[in-house]
Structures are given as structure tokens and as C-alpha cells.
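Asker: Output the structure for:
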Amino acid sequence: MYSVAMVVIFVLGYLCIALEHPLKIDKAASALLIGVLTWAVFILFGGTDVHLVGEQLNENLAETAQTLFFLFAAMTIVEIVDRHNGFKIITDRITATSKVKLLWILSFLTFFMSAVLDNLTTTIVILSLLRKLINDQHTRWTYASIVVIAANAGGAWSPIGDVTTIMLWIGGQITAAKIITGIIIPSLVSMIVPLIILSFTLKGEIERPEESEEAESITTPGEQMALLILGVGLLLFVPVFKTITHLPPYMGMLLGLGVMWMVTELMHKKKSWEIKKRLTVVHILKHVETPTIFFFLGILTAVGALGAAGQLGKLSVWLREVTGGNIYVIDTVIGVLSSIIDNVPLVAASMKMYLIDPSVADFAVDGTFWHMLAYCAGTGGSILIIGSAAGVAAMGLEKIDFIWYLKHISWLALVGYLAGAFCVYLGL
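Answerer: You can find the predicted model right below:
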């Protein structure tokens, strides 16, 4: 009975998030409530030892905290570059004013950046560029949504582009070279199909926002260039740092933030208090989107409760039974489910249920099941705005309405997702 109550709480909370604008309740509040209430029901009525549940909660907190520290540090680094007008160097070089042309440029930029960085960091960076390039909010929502699709597609074919591909890579289910060659074409297709469809509907020119002279007047071109190079360089260094030290990615991101903090302190130490007040990290931290952090915290905590209570494991077993073990159907459904439930616990449950088996081609290292799982779990989250870390970040930073995304973007993401899955099925 308690498991039903947990699912009901999750669904009701999900509806509150979806109906954020009509209800006029910030989605972060709803997320925090379902995060706490699901665990409360589990510990009170689950019939499980209190100490065991406490250990599970601590494990979930440790995993969640890694994502939150990563997100917070990445958002701060990007905000530092933005406050110093560093992104102007890039936006000045993007001269395209055609809506369609700009859409394709930003999508491919996001796609390949996401493979090198990761989909979450890339989304934060590109959204900062969008604010400099597009004035109209709803037009920016469209571009931000396509950035989410492109970021998730770009992360799916890289061993370091998404948390799930990192899990499969570290777990030995996939190798770096094979996942790149095996999934890059389906991932490209999942992005290009929505782009082609949108190219027929987007008309006209982009209206750029008026440039603020305030940041230019207090930062020199040299400072802007230095912080842009340093910021992007430190973001790119995160996967390198992880490979060298074997420490979690958030440690590399915190290292980057520490370096940026120290550099900006030294850069502005001789400037007036008025300038330092606007450009120091202490001041910039006040402008980082804290509600987005709380939203992540609530969602990941709630999903952790469902995982600890065994619902996600039962879901995986049910999938195998209903589909008769058809790997293509299982992976495709997991991808669709990852738009509702976080893809990380879904992939973790699949890795426990289906073991590496060299005697069975589909389940051997770099087998079809693992490659398709990487593709589906990585790109399926784009179907709903809340279905991926990139989508949650975009929703928080751009205040994208859940229902708007559902009406205008979800079907595009679904068509692209199914087209890419078909490519995996064909072995392309």
C-alpha cells in the first residue's frame, strides 16, 4: 500500500510541476515536497528497518549532492564569464540573423560541445549565448528547447557526454571507440529530424536584444577574452581531471570554480569598490539561479525514494516480462520512461538485471542492447522538459512552461527519438 501512496505523491507532484503557471506555485516548491514526502511515506509505512532506510537516504543524498555541486559550480562559472561580457566575443561572431540558419548553427554547436563537455554544462553555456542573441522570450524558448534535444543527442554518443554513458563505460558494458562509431549517426538523426521539421515553420529574422554598455565599460576586451578562454578551458578540463584523478566530475568543476574565483579576485583587486562589487564572485553568486538547484534536489530525492523502495526494479522486471525480452522494445520503452523518471536509476536497474554475457552477442561488451540503452536513455529524456538534467536546467534558467514544451516540442523530440532508435535497429 505504501508503494501506491509513494507513486501517487510523485504523480501529483509531477502534475503540480506541469501546471506551475496556472497554479502559480513555483516548481521548486512542488519538487521539494514530493522529495520529502516520498521518503517520509517509505520510512513510516514501508515496514523497513529505520537504520536501513537512513543508509539508503544517505546514499541518495551523496549521489544527489554530486549533481547539485556540479550544477552549481558550472552555473557560477558561466555566470562569471557572462557578467564580464565574455560571451560577447562569441555572439559578435555569430552574424546569422535568419531564424532557420541560427537554429542549425546553435544545434550543431551544442551537439558537439555536449560530447566533449556534457549535456548539462553545454546547455548552461548555450543558454547564456541565447540571451545575448534572441530578444523575444517565446522564440528563445523554442531555441532553448532545441538546445536540450541537441545536448542530449550529443551526450548519448560520447562516453563522457551523459551520466548514463559514463555509468555504462565505467561498468564495462561499452567501450569509448565503439559507442562513438555505433551511436553517432542515430544521435545525429534524433537531432536533425526535429530541425528539418522546424525549418519549415520558422520564418523571418531574429530580433537581437539591445546591448548593455555597462559591462563593456567596466571590463576591458582583454579581460573579456581572458575569462572566456579560462572559463571554457576549465569546463573542458573537467573530464580530463576525472580521467587523471578518478575523482567524480563535480570535484573538477569545483576546482574550476576555485580557479575562476581566485583569478577574478586578483584581476579586480586594484579597481574601485563599485566595480569590484559588481564583478566579484561573492556578488555574482547572488544572481545564480538557486531555485533550479532546489528543483533538482527535490526531483532527484523523489526518484531516489522510488528506487530505494524497489519500484524502479519492479518496473524493469515487468518490462522484461511484458516484452518477452525483446531488447529493442525494452530499450525504447526505457527511453520514453526516462522522460518521466530520471534515466540514471533506470539504467542502473537495467545494468543489475542484464549482465554482460560474452556468449550472447546482444549482451556482450558493446552489444546492441548496451548501445541502444545508451542512445535511448540519453535522448529519450528530451521528450519532456523535465526528463533530463539539460531540460531541468533549461526549464529553470529560461522559465520554460511545462505545458508549452509539451504542446510545441515534445512531439518533435519523440519523432526524432524514434527515428534515431530505428537507425540503431537497422545497425546504422
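
Asker: How many neighbouring residues does L285 have?
Answerer: 15 (other Cβ atoms under 10 Å). Heads up, the C-betas are built off the backbone N, CA and C, glycines and all.

Asker: Check the one 3 residues further on too.
Answerer: Neighbourhood size, V288 [other Cβ under 10 Å]: 17.

Asker: Kindly report the same for F237.
Answerer: Count around F237 with other Cβ under 10 Å applied: 16.

Asker: Buried residues in the host helix or strand of it, which are they?
Answerer: Assigned by DSSP states H and E, F237 belongs to helix 221-245. The neighbour-count check on helix 221-245 (16 or more other Cβ atoms under 10 Å) flags 223-224, 226-228, 230-232, 234-235, 237-239, 241-242 as buried.

Asker: now, among these, which is nearest to G155?
Answerer: P239 (11.7 Å; Cβ to Cβ).

Asker: what about the closest one, distance to H84?
Answerer: 25 Å (Cβ to Cβ, to the nearest Å).

Asker: Model confidence for the closest residue to R83 other than its chain neighbours, exactly?
Answerer: Using Cβ to Cβ, 6 or more residues apart in numbering and skipping the chain neighbours, the partner closest in space to R83 is I284 (5.3 Å). I284 carries a pLDDT value of 87.

Asker: Give me the angle between the biggest helix by length in the chain and helix 221-245.
Answerer: For the chain, the helix with the greatest residue count under DSSP state H is helix 50-83. Interaxial angle, helix 50-83 versus helix 221-245 (axes from the mean of the first three to the mean of the last three Cα atoms, to 10 degrees): 150 degrees.

Asker: in helix 50-83, what's buried?
Answerer: 53, 56-57, 60, 63-64, 66-83.

Asker: One more: stretch 95-111?
Answerer: K99, V100, K101, L102, L103, W104, L106, S107, F108, L109, T110, F111.

Asker: does the residue nearest to M353 when sequence neighbours are not counted sit in a helix or strand, and which one?
Answerer: Nearest residue to M353, sequence neighbours excluded (Cβ to Cβ, 6+ apart): S316, at 5.1 Å. Per DSSP H and E, S316 falls inside helix 311-323.

Asker: quick one: that helix to chain centroid distance?
Answerer: 25 Å (Cα atoms, centre = their mean, to the nearest Å).

Asker: i'd like the first residue to be 40 from this point on
Answerer: From this message on, residue numbering opens at 40, which makes the last subject helix 350-362.

Asker: What number of residues are in the vicinity of L71?
Answerer: 19.

Asker: Check the gap between the nearest residue to it once chain neighbours are set aside and G363 for me.
Answerer: Closest residue to L71 apart from its sequence neighbours, by Cβ to Cβ, 6+ apart: G337 at 4.1 Å. In this view, G337 and G363 are 37 Å apart by Cβ to Cβ.

Asker: neighbour count winner among the two?
Answerer: Legend: neighbour count by other Cβ under 10 Å for G337 and G363, higher for G337 (24 against 8).

Asker: what are the C-alpha coordinates of stretch 438-458, in CSV please?
Answerer: Extracted C-alpha coordinates of stretch 438-458, given in CSV (Å, rounded to 0.1, in the frame of the first residue of the first chain):
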residue,chain,number,x,y,z
LYS,A,438,11.4,29.7,-17.0
ILE,A,439,10.0,27.4,-19.8
ASP,A,440,6.5,26.4,-19.2
PHE,A,441,6.0,22.6,-18.9
ILE,A,442,2.7,22.6,-20.9
TRP,A,443,4.2,24.9,-23.6
TYR,A,444,7.0,22.4,-24.1
LEU,A,445,4.5,19.5,-24.1
LYS,A,446,2.4,21.2,-26.8
HIS,A,447,5.2,22.5,-29.1
ILE,A,448,8.3,20.5,-28.6
SER,A,449,7.5,17.0,-27.1
TRP,A,450,6.2,15.6,-30.4
LEU,A,451,9.3,16.9,-32.3
ALA,A,452,11.6,15.2,-29.7
LEU,A,453,9.5,12.0,-29.9
VAL,A,454,9.7,11.8,-33.7
GLY,A,455,13.4,12.4,-33.6
TYR,A,456,13.9,9.9,-30.8
LEU,A,457,12.0,7.1,-32.7
ALA,A,458,13.9,7.9,-36.0
